[in-house]
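**Student:** sequence below, structure please.
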Amino acid sequence: LTPIYLVTTPKFFQVPTPLPTCYSFDCMTMNGSSSSASSSTAPDPAQITWEWLFANTSLHAAGLLDQTSEVSQRGFGEGTDDGEAGVNSSVSILTIRGSRGSTSFIVKRCSKTASHDVACTQRWYERESGFYNHFSERFAPDRNAGENEGPLVVPRSYHSQKKPIGENGEGFLLILEKLKGPEWRTLDFEAGCPRDEAFACIRSLGKFHGYFYSEKGMKDLEATSSWLPQTPIRLELADMVQDYYCDAWQQFQKVAPQELLTPQLRSLCEPLRKFYAVLVKRMAQGPSTLVHGDFRLENLRFRHLGQRAETIQVAAFDWQFSSRARGAYDLAYFMGLGLTPRVRAREQDRLKSEYISSVTAAAGESAGALLTQVSNDLEADLCVAILLILASFIIGAATAPDASQAMHWTSIQRISQTALDWQAAGVLPVSEVPSTGAFAKTEAAELPGSPIPHSKL
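**Tutor:** Predicted coordinates for the structure are as follows:
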């Protein structure tokens with residue numbers, strides 16, 4: 001289901017300049033104290049041992065590894081609460097049994113699958129390593145366990161390294177706490193997110209985004225500039241991805257069910273062949289925050305800290321698409337995919353209001369002018385975002401294996417219906433696009449075959 005995950009056409013990898021070497025960073029808490037052990041001095045072993053964990057992770061310092069501990073690994077998906085296996089990384093389960101009982105962890109490594117080349121081109125391994133190493137302590141689950149409506153939380157990282165991550169993903173290794181049931185719950189994509197969990201998710205996301213609009217958060221975000229790109233697909237690759245989208249859209253029309261290829265879907269997808277890169281540039285314009293980039297139910301977990309809806313904690317993982325962009329990208333992702341069309345139509349206005357309120361509460365008074373712009377631009381930004389997300393899933397569906405096609409069709413139906421309901425085509429330029437990438441405010445003629453007026457901006 002992950003978009004742009006099987007992009008195999010050779011021209012997609014013709015990057016105009018050599019990609020720089022990727023680096024990961026020490027896992028540091030925000031007060032400057034290290035939360036991880038020293039970096040690796042030898043290649044990571046295929047079978048992680050007690051000795052390697054003791055020398056290269058913070059598990060011993062955290063009291064999770066002692067002299068009596070037994071270490072074992074198994075394949076991801078062999079357990080009943082593992083969830084879905086990803087396609088961009090090799091994932092296994094590390095179990096440590098010791099005096100404190102049994103504790104499980106997620107181990108992620110570079111994967112030599114069909115998505116490997118695009119993962120390296122898009123520097124997904126560098127992004128995910130950088131994100132966890134910089135922010136896992138600040139947003140760890142137990143940091144906010146006593147708060148109501150706390151910010152989005154992320155699994156704690158126990159391994160960090162200064163050793164460069166190679167251009168082919170060499171050296172990439174994450175050891176993360178496993179958010180397992182019954183405490184942490186998964187939600188079903190088909191059924192959609194229930195109302196209480198949806199509002200908790202939006203509040204948590206808003207506070208997460210809002211932190212990076214605050215003075216302290218903006219400084220944290222500036223420190224990521226060497227590895228965190230603008231927009232999930234990297235702004236500098238926008239034109240290249242647009243070229244690939246054109247090919248993917250042609251292929252999609254050959255493999256998609258005819259009932260999915262409605263005039264309405266075509267009216268949304270055809271213009272993206274010309275204007276996809278323009279929309280990406282809009283998402284890259286400030287005010288920017290740190291976005292997840294793949295903010296859907298499969299990458300979220302929920303737990304109740306009390307009886308009230310306000311005590312639902314929301315965690316997010318799989319941060320390989322993290323980037324600097326407008327926060328509406330994550331919001332549109334969740335509203336378009338995480339909710340059934342009926343729930344979204346009923347609750348979307350209140351969810352948008354909750355999001356702005358949460359962003360404002362987390363950003364603080366010093367961000368007043370910036371927050372005014374975030375609020376004023378939200379409707380148009382959501383439209384831009386949902387069209388970009390639709391394009392990503394068109395690309396994914398055009399090359400996806402048969403086993404995941406049904407999920408792609410359902411996702412595209414939800415996303416396109418959201419775009420139609422929001423009249424998202426109204427943000428598409430209808431004449432020559434200015435060189436700045438700005439949007440034309442026009443009431444010109446509608447797109448061919450589209451019932452949507454161009455009056456959104």
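**Student:** would you say residue 190 is within a helix?
**Tutor:** No: with DSSP: H, G, I helix; E, B strand; the rest coil as the criterion, residue 190 is coil rather than part of a helix.
**Student:** ok, it to residue 338 distance?
**Tutor:** 12 Å (Cβ to Cβ, to the nearest Å). For every residue, glycine as well, the C-beta is placed using N, CA and C.
**Student:** same check on residue 183?
**Tutor:** From residue 183 to residue 338 the distance is 21 Å (Cβ to Cβ).
**Student:** who has more neighbours, those two?
**Tutor:** When residue 183 and residue 338 are compared for neighbours, residue 338 comes out ahead with 23 against 13, by other Cβ atoms under 10 Å.
**Student:** relative to residue 351, how far out is that one?
**Tutor:** Distance of residue 338 to residue 351, computed by Cβ to Cβ: 10 Å.
**Student:** between these two, what contacts are shared?
**Tutor:** Contact criterion Cβ atoms under 8 Å, 6 or more residues apart in numbering; residues shared by residue 338 and residue 351: residue 198.
**Student:** now the helices: where do they sit in the stretch 301-450 of the chain?
**Tutor:** Applying DSSP state H, counting those that start in this stretch to the stretch 301-450 of the chain gives helices spanning 328-333, 341-363, 368-399, 402-421.
**Student:** need those helices in a markdown table (columns: mean neighbour count and distance to residue 127).
**Tutor:** What follows is those, written out as a markdown table (neighbours: other Cβ atoms under 10 Å; distance: least, Cβ to Cβ, whole Å):
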| stretch | mean neighbour count | distance to residue 127 |
| --- | --- | --- |
| helix 328-333 | 27 | 15 |
| helix 341-363 | 18 | 23 |
| helix 368-399 | 21 | 16 |
| helix 402-421 | 18 | 23 |
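**Student:** export those to CSV and append columns for distance to residue 240 and mean pLDDT.
**Tutor:** Below are these laid out as CSV (distance: least, Cβ to Cβ, whole Å; pLDDT from 0 to 100):
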stretch, distance to residue 240, mean pLDDT
helix 328-333, 19, 98
helix 341-363, 32, 97
helix 368-399, 12, 96
helix 402-421, 22, 93
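**Student:** to residue 317, which of those helices lies closest?
**Tutor:** helix 328-333 (14.0 Å; Cβ to Cβ).
**Student:** now do the SS call for residue 105.
**Tutor:** What three-state DSSP gives for residue 105 is strand.
**Student:** number of residues surrounding it?
**Tutor:** 25.
**Student:** how near is it to residue 175?
**Tutor:** 5 Å.
**Student:** give me the common contacts of those two.
**Tutor:** 94, 158.
**Student:** and the next element down the chain from whichever strand or helix holds residue 243?
**Tutor:** In the assignment (DSSP states H and E), residue 243 maps to helix 238-255. Toward the C-terminal end, the helix or strand that comes next after helix 238-255 (DSSP H and E) is helix 263-269.
**Student:** show me what that next one is packed up against.
**Tutor:** Packing partners of helix 263-269 (3 or more Cβ pairs under 8 Å, 6 or more residues apart in numbering; DSSP states H and E): helix 368-399, helix 402-421.
**Student:** who touches the very next helix or strand once past it?
**Tutor:** Sequence order places helix 272-284 as the next helix or strand after helix 263-269, per DSSP H and E. Helix 272-284 has contacts (Cβ under 8 Å, 6+ apart) with 230-231, 233, 235, 238-239, 241-242, 245-246, 249, 324-326, 329, 381, 384-385, 387-388, 390-391, 427-429, 433, 437, 439.
**Student:** can you pull the buried residues of helix 272-284?
**Tutor:** Neighbour-count burial for helix 272-284, with 16 or more other Cβ atoms under 10 Å as criterion, is recorded at 272-273, 275-284.
**Student:** just give me the closest of these to residue 347.
**Tutor:** residue 283 (24.2 Å).
**Student:** next one: the closest one from residue 194, what distance?
**Tutor:** Distance of residue 283 to residue 194, given as Cβ to Cβ: 29 Å.
**Student:** and what of residue 123?
**Tutor:** Per Cβ to Cβ, residue 123 is found 36 Å from residue 194.
**Student:** what about those two, which has more around it?
**Tutor:** residue 123 (22 against 15).
**Student:** hmm, residue 226 and that one touching each other?
**Tutor:** No: in terms of Cβ atoms under 8 Å, residue 123 does not count as a neighbour of residue 226; the distance is 11.1 Å.
**Student:** what about residue 112, is that helix, strand or coil?
**Tutor:** coil.
**Student:** now do the contacts for it.
**Tutor:** Residue 112 touches nothing, counting by Cβ under 8 Å, 6+ apart.
**Student:** give the buried residues for the helix or strand of the chain with the lowest mean pLDDT.
**Tutor:** Ranked by mean pLDDT, DSSP states H and E, the helix or strand of the chain with the weakest confidence is helix 116-121, at a mean of 85. By 16+ other Cβ under 10 Å, the buried positions in helix 116-121 come out as 116-121.
**Student:** now render those residues as TSV, adding distance to residue 345.
**Tutor:** As requested, the buried residues of helix 116-121 are arranged in TSV below (distance: Cβ to Cβ, whole Å):
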residue	distance to residue 345
116	40
117	40
118	35
119	36
120	40
121	38
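**Student:** between the residues you listed, which sits nearest residue 142?
**Tutor:** Closest approach to residue 142 among the buried residues of helix 116-121 (Cβ to Cβ): residue 119, at 30.8 Å.
**Student:** for residue 62, see how far away the residue lying closest to that closest one once chain neighbours are set aside is.
**Tutor:** Using Cβ to Cβ, 6 or more residues apart in numbering and skipping the chain neighbours, the partner closest in space to residue 119 is residue 88 (5.2 Å). Going from residue 88 to residue 62 by Cβ to Cβ gives 27 Å.
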